[in-house]
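Q: here is a sequence together with a model predicted from it:
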Amino acid sequence: MSKTSIEPRIFALFGAFGDLALRKLFPALYQLDRAELLSADTRIIALSRQTTDRTEAQALIKEKLVRHVAHPHINDLILERFVERIECLSIEFSKPSDFDSLAEKVGANTPIIAFFATPASVYGSICAGLASAGLAERCDVVLEKPIGHDLASFHEVSDAVSRYFPENRTYRIDHYLGKDTVQNLSALRFANNLFGSQWNQNHISHVEITVAETVGIEGRWGYFDQAGQLRDMIQNHLMQLLCLIAMDPPPDLSANSIRDEKVKVLKSLVPISSEKLKDNLVLGQYRAGNLQGTTVPGYLEEEGANSESTTETFVALRVEISNWRWIGVPFYLRTGKRMAKKLSEIVVHFKAPPHSIFLPEHGQIISNRLIIRLQPNEGISLSVMTTDRGLERGMQLRSEPLRLNFADSSANSRIPDAYERLLLEVMKGQQNLFVRKDEIECAWKWCDQLIANCKAQGISPDNYAAGSWGPEAAMKLMDRDGRSWHDDD
Ligand SMILES: NC(=O)C1=CN([C@@H]2O[C@H](COP(=O)(O)OP(=O)(O)OC[C@H]3O[C@@H](n4cnc5c(N)ncnc54)[C@H](OP(=O)(O)O)[C@@H]3O)[C@@H](O)[C@H]2O)C=CC1
Ligand SMILES: O=C1O[C@H](COP(=O)(O)O)[C@@H](O)[C@H](O)[C@H]1O
């Protein structure tokens, strides 16, 4: 990241002692401070409903920073400077009259970034509180996903926010858009004619998008059991990745040009009808298992669990995009908790050459694959066919990777966390990496019909062992098309 002259801001963190704030937001703000990207006068107001003593809060945040920030980046002087920026205020977010104390604390003029690290059900009342305290005009609002539980509840929350905040001051986060490799997708696709010219159904046979996590639900059962993996991951992160891979080149890099193209993809996404569910969708729920040498409990044994739950913790989908570019190209999406390893990647499979001049004894041609690794080991790899070197063996075809590892090639070799980039973009007033209202509407609409069809058909999740790659049926979903999920090495 280059150093930028950033005006002073007040970060008002609603839900400052929740999981997201302590694990992601404070560490991201600390890293921005360390990179000298926060002006000296920037303040952070930690808002919660518990009465919190400032010194205790600073000590808690310091402890969390030491836990969540990579050790070499902890610098005592910067840490002290950072926690000195933090003030606390206790208010009930659903009581607009409580917000007068916030107005008093922030004082006049300084622009405010209000980050809602709370359930979406309170976003509307926070907006009403900010407006009633006279703060709305100088405030940008940052909303976490998932916004709502379906299209109808999204509209409710969205209307409550837009009553006070116009679209150009509303930043809807999908933190996958802040990931380094996701950023690189635009460069890869639109700055390399090699790929740009091949990016369609004439040359690509299919695309895989995998977001596998090793974490389980742990302390988030209450939230997760209501959501499930379809709402928690597919509706937002995987849909966004799909859009960035499938969209047409935008006319320019402006936020609205990119968002217009993403919306077109979402509108072209073919709904999965009830009859097609069986062959195009797999749901799973993890059971106890062995994850990298440790025994972990099943979903129904997690803290706070209801042993009857049929909520899915794994989803595999085969989706189609009905437009000129992608007709006939399946996109296979897969995401789950407690899987064999943490791995997020997109694999673009190119078609085989139209005619082979090689003989069986030369070996088999393996179609080119472009592997875009989002995490870990961020980078890009392209498998190309080569032949064995040396005089002895003659022509022997083999597939070898051309690799670009972002950690090796980036200037300071630290890949910033998504939230660092996103918070910086909010400070700059840039909306490219945030999601527009109509994108979320289209994504909810598509997911709502899928969820309704599953319900109508009584589809319940298959079991899979924690530490595996999901239910057997997920392998069969690919197998039916004569394919298999990319085998990670
Ligand atoms: N955690 C994560 O990894 C991710 C979270 N998100 C999203 O971020 C948001 C926050 O998630 P997370 O941090 O996990 O949730 P938590 O439940 O851990 O934190 C939410 C915080 O909001 C506070 N809060 C809720 N309602 C009120 C209210 N009416 N008045 C005052 N305070 C209130 C809670 O206070 P109290 O403790 O007093 O209830 C709590 O501290 C959610 O929208 C979630 O979907 C998105 C991506 C990842
Ligand atoms: O939004 C969410 O994302 C995390 C996964 O994020 P990652 O950056 O670690 O890949 C997921 O665990 C969580 O359930 C979901 O709400």
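A: Cool, the structure landed. Ligands and ions are numbered 1, 2, ... in the order given.
Q: in three-state terms, label residue 265 for me.
A: Of the three states, residue 265 takes helix under DSSP: H, G, I helix; E, B strand; the rest coil.
Q: got the buried residues for the worst-scoring helix or strand of the chain on mean pLDDT?
A: Using mean pLDDT, DSSP states H and E, helix 406-409 stands out as the lowest-scoring helix or strand of the chain, at a mean of 73. Neighbour-count burial for helix 406-409 flags residue 406 (criterion: 16 or more other C-beta atoms under 10 Å). To be clear about C-beta, it is placed using only N, CA and C from the backbone, and glycine gets the same treatment.
Q: same for it, what does it pack against?
A: Contact analysis of helix 406-409 by 3 or more C-beta pairs under 8 Å, 6 or more residues apart in numbering; DSSP states H and E lists helix 180-190 as its packing neighbours.
Q: go ahead and measure how far the helix or strand that the helix it packs on is followed by is from the middle of the chain.
A: Past helix 180-190, further along toward the C-terminus, the next helix or strand under DSSP states H and E is helix 193-196. The gap between where helix 193-196 is centred and where its chain is centred comes out at 26 Å by C-alpha atoms, centre = their mean, to the nearest Å.
Q: returning to what we had before: who touches the least confident helix or strand of the chain?
A: The contact list for helix 406-409, computed with C-beta atoms under 8 Å, 6 or more residues apart in numbering, reads 180-181, 184, 377-379, 413, 415.
Q: how about stretch 433-447?
A: With C-beta under 8 Å, 6+ apart, stretch 433-447 has contacts from 145, 147-148, 150-151, 154-155, 158, 162, 167, 170-174, 177-178, 183, 230-231, 234-236, 239-240, 243, 255-256, 259, 262-263, 266-267, 269, 271, 421-422, 425.
Q: how about residue 458, what does it touch?
A: Taking C-beta under 8 Å, 6+ apart, one finds nothing in contact with residue 458.
Q: just residue 225 next, same as before
A: By C-beta under 8 Å, 6+ apart, the contact set of residue 225 is 217, 305-306, 309, 311.
Q: for those, which one is nearest ligand 1?
A: Distance to ligand 1 across the contacts of residue 225 (C-beta to the nearest ligand atom) is lowest for residue 217, with 11.2 Å.
Q: my read: the closest one touches residue 301, true?
A: No: the criterion here is C-beta atoms under 8 Å, and residue 217 misses it with residue 301 at 10.5 Å.
Q: more crowded one of the two?
A: residue 217 (22 against 12; other C-beta atoms under 10 Å).
Q: now residue 363: how far from residue 397?
A: According to C-beta to C-beta, to the nearest Å, residue 363 stands 4 Å off from residue 397.
Q: give me the buried stretch members for the top helix by length along the chain, please.
A: Among the segments of the chain that qualify as a helix by DSSP state H, the longest is helix 437-457. Within helix 437-457, the residues scored as buried using 16+ other C-beta under 10 Å are 437, 439-448, 450-451, 453-454.
Q: try stretch 166-179
A: By 16+ other C-beta under 10 Å, the buried positions in stretch 166-179 come out as 169-179.
Q: by proximity to ligand 2, which residue of the stretch 301-450 of the chain wins?
A: Closest contact between the stretch 301-450 of the chain and ligand 2, by C-beta to the nearest ligand atom, is at residue 344 (6.0 Å).
Q: again, but for the chain
A: Taking C-beta to the nearest ligand atom, the chain has residue 232 as its residue nearest ligand 2, at 4.8 Å.
Q: make sure that residue is indeed in a helix.
A: Yes: assessed by three-state DSSP, residue 232 belongs to a helix.
Q: I figured it hits residue 224, correct?
A: Yes: contact status for residue 232 versus residue 224: in contact at 6.4 Å, counting by C-beta under 8 Å.
Q: residue numbers of this protein in contact with ligand 1?
A: Within the chain, the residues that sit near ligand 1 (C-beta under 6 Å from any ligand atom) are 15, 17-21, 48-50, 92-94, 117-120, 122, 144-146.
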